[in-house]
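Trainee: Predicted model follows, preceded by the sequence.
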Amino acid sequence: MNKKNFFSFIIFLFSLVSYPQFGTIGYDFKDPYISFEGLQFAVRLSTDNNIYCPNPKEISVNKLSKDEVVLRSNSLSAAGGQLISEGFIELKIKKGDEALISISARASHPTELGKTILVLIKGIDVESMVSEQPQAKGVQAFTQKKGIRVSYPSRAATMPLVFFTSSEKEWYVLSKDREIRRKGFACTYDYLSDEPLVLLSHDADMRKIDTSIQAPEWVLGYGRSRIDVVKERCDDLEQYFKSTPYFNKPKQHTQWIDQLKVVTFLHGIHWTGHLFNTYKQMEEQLEWMAKTIEGRQIMAFLPAWDGRYYVNYPEHEPNPRMGGKEGLKQLVKKAHSMGVKVILMFGGPNLSTFEFLKKK
């Protein structure tokens, strides 16, 4: 056995011994939990320097009513209680309608930046987590005590929403965030209490990061159909972003979409540089299609119209090998003369080049 394999084997043995006993953080973090509606809840703050929970020696638990409880601490605990820091943390839990619980959390540190606020939940006997279609890896079984997780926004979670299935019921967790900010959903196994542990995380907007952080309301519930909960998220989007449902939009804005019969993908250049189609070749293919079907019933989507796929993002310019600016203009002009709609692919969030970042 060579040295590399030997050390890999030692690490593997260590993981078998340590993980089952202590969990992923490696020791008892000593989170103070509060009980509510048959579940247990705790909260943590992650900063740019450490991870904290409420100081168990200074927490206060106030029952505001039979349906609402608040946990507060005016100091923070880290390293399983070995380190105490100034700060503030609060977890508020409220019972709403039948089978619905509202969760909110906030925290602050005098000098460290608040990156993430985490809510921990015990009492749900998780069997699987569902966030999207199986093709998007949105269905994960919780088996053999192996942790599962998903991040929003992503292909595996296009909404800040997941369902946790158990043998008795299916739970859902929905964030009521009015902005698009990163969320995390996970289930791991707590070997100290010998049960599944559900984790909900809210990340700060890094453009506005501060020493304080507040998680938007989480809604935890059960007894509703998946489609009903998804509709609630759609209603939230319409309200938060003032978007109008498609079928309520003026006909002059949607009629062209209703007429479509074919959406064709005309790919430009592979990320390795292989040229699939020039603008002229795309034009010829659309002409051929328009002989069979009316142009107004065709939409052409052009990925990699600007050169090597993903390579130059977020800059987008007509590619010289494909025909340059004039070639693209001629393609669009010809397509429009036939009634064909043309959509160019853009990928702005991918800041892949330092040259772009240096530009003013």
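Mentor: On my side now, so go ahead.

Trainee: make it CA atoms for all contacts and neighbour counts henceforth
Mentor: Fine.

Trainee: OK, contacts around the residue nearest the centre of the chain?
Mentor: The chain has Y152 as the residue nearest its centroid, 0.4 Å off, counting by CA atoms, centre = their mean. Applying CA atoms under 8 Å, 6 or more residues apart in numbering to Y152 gives the contacts T158, M159, P160, R181, R182, K183, G184.

Trainee: Okay, helices next: where are they in the stretch 101-250 of the chain?
Mentor: Per DSSP state H, counting those that start in this stretch, the stretch 101-250 of the chain carries helices over the ranges 226-240.

Trainee: Any stretches of it with poor pLDDT?
Mentor: Of all residues in the stretch 101-250 of the chain, none has pLDDT under 70.

Trainee: can you pull out the strands in it?
Mentor: Secondary structure of the stretch 101-250 of the chain (DSSP state E, counting those that start in this stretch): strands at 114-122, 128-130, 139-141, 148-152, 161-165, 170-175, 183-190, 195-203, 212-222.

Trainee: I'd like these laid out as JSON lines, including distance to L328.
Mentor: Output for those, formatted as JSON lines (distance: least, CA to CA, whole Å):
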{"stretch": "strand 114-122", "distance to L328": "44"}
{"stretch": "strand 128-130", "distance to L328": "43"}
{"stretch": "strand 139-141", "distance to L328": "42"}
{"stretch": "strand 148-152", "distance to L328": "36"}
{"stretch": "strand 161-165", "distance to L328": "41"}
{"stretch": "strand 170-175", "distance to L328": "43"}
{"stretch": "strand 183-190", "distance to L328": "40"}
{"stretch": "strand 195-203", "distance to L328": "41"}
{"stretch": "strand 212-222", "distance to L328": "45"}
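
Trainee: For V311, find the nearest of those.
Mentor: strand 148-152 (24.4 Å; CA to CA).

Trainee: what lines up beside that closest one in the sheet?
Mentor: Partners of strand 148-152 in the sheet, by DSSP bridges, are strand 183-190 (antiparallel).

Trainee: got the contact list for the one helix or strand K94 maps to?
Mentor: Using DSSP states H and E, K94 sits in strand 83-95. Residues from elsewhere that reach strand 83-95 (CA under 8 Å, 6+ apart): 36, 42-43, 45, 53-55, 67-78, 101-110.

Trainee: what angle separates it from strand 212-222?
Mentor: For strand 83-95 and strand 212-222, the angle between their directions (axes from the mean of the first three to the mean of the last three CA atoms, to 10 degrees) works out to 40 degrees.

Trainee: what about the residue in the chain sticking out farthest from the centre, distance to K208?
Mentor: When distances are taken from the C-alpha mean of the chain, K291 lies farthest, 43.5 Å away, according to CA atoms, centre = their mean. K291 sits 54 Å away from K208, going by CA to CA, to the nearest Å.

Trainee: just D31 next, same as before
Mentor: D31 is 28 Å from K208, where distance means CA to CA.

Trainee: The strand or helix carrying E284 packs against which elements?
Mentor: Per DSSP H and E, E284 falls inside helix 279-290. Helix 279-290 sits against helix 324-337, with contacts defined as 3 or more CA pairs under 8 Å, 6 or more residues apart in numbering; DSSP states H and E.

Trainee: What mean pLDDT does the helix it packs on get?
Mentor: For helix 324-337, mean pLDDT is 98.

Trainee: Show residues contacting it.
Mentor: By CA under 8 Å, 6+ apart, helix 324-337 touches Y279, K280, M282, E283, L286, G295, E317, P318, N319, K341, V342.

Trainee: who has more neighbours, D31 and K208?
Mentor: Comparing D31 with K208 by neighbour count (other CA atoms under 10 Å), the higher total belongs to D31, at 20 against 6.

Trainee: which residues touch the more buried one?
Mentor: Going by CA under 8 Å, 6+ apart, the list of residues near D31 reads A42, V43, C53, P54, P56.

Trainee: three-state assignment of it?
Mentor: Recorded secondary structure, D31: coil (DSSP: H, G, I helix; E, B strand; the rest coil).

Trainee: That one and A156, how far apart?
Mentor: The value you get for D31 to A156, if CA to CA is used, is 30 Å.

Trainee: domains of the chain?
Mentor: Here the domain parsing of the chain from automatic domain parsing is 22-240, 251-358.

Trainee: pLDDT on the strand holding K94, on average?
Mentor: So the average pLDDT for strand 83-95 ends up being 97.

Trainee: next one: stretch 53-70
Mentor: Stretch 53-70 comes out at a mean pLDDT of 95.

Trainee: Enumerate residues external to it that contact any of its residues.
Mentor: 30-32, 43-45, 71-78, 81, 84, 88-96.

Trainee: and what of stretch 286-298?
Mentor: W256, Q259, L260, K261, V262, V263, T264, A335, M338, G339, V340, K341.

Trainee: mind running it again at 10 Å?
Mentor: 256-264, 266, 280-284, 299-300, 331, 334-342 (CA atoms under 10 Å, 6 or more residues apart in numbering).

Trainee: Output that stretch as PDB, restricted to C-alpha atoms.
Mentor: In PDB, the C-alpha atoms belonging to stretch 286-298 read as follows (Å, rounded to 0.1, in the frame of the first residue of the first chain):
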ATOM      1  CA  LEU A 286     -35.100  28.800 -40.800                       C
ATOM      2  CA  GLU A 287     -36.000  29.300 -44.500                       C
ATOM      3  CA  TRP A 288     -36.300  25.500 -44.800                       C
ATOM      4  CA  MET A 289     -38.500  25.300 -41.800                       C
ATOM      5  CA  ALA A 290     -40.700  28.100 -43.000                       C
ATOM      6  CA  LYS A 291     -41.600  26.100 -46.100                       C
ATOM      7  CA  THR A 292     -43.400  23.600 -43.900                       C
ATOM      8  CA  ILE A 293     -44.800  25.700 -41.100                       C
ATOM      9  CA  GLU A 294     -45.700  29.400 -41.000                       C
ATOM     10  CA  GLY A 295     -42.900  31.600 -39.700                       C
ATOM     11  CA  ARG A 296     -45.100  33.200 -37.000                       C
ATOM     12  CA  GLN A 297     -45.400  29.800 -35.500                       C
ATOM     13  CA  ILE A 298     -41.600  29.400 -35.100                       C
END
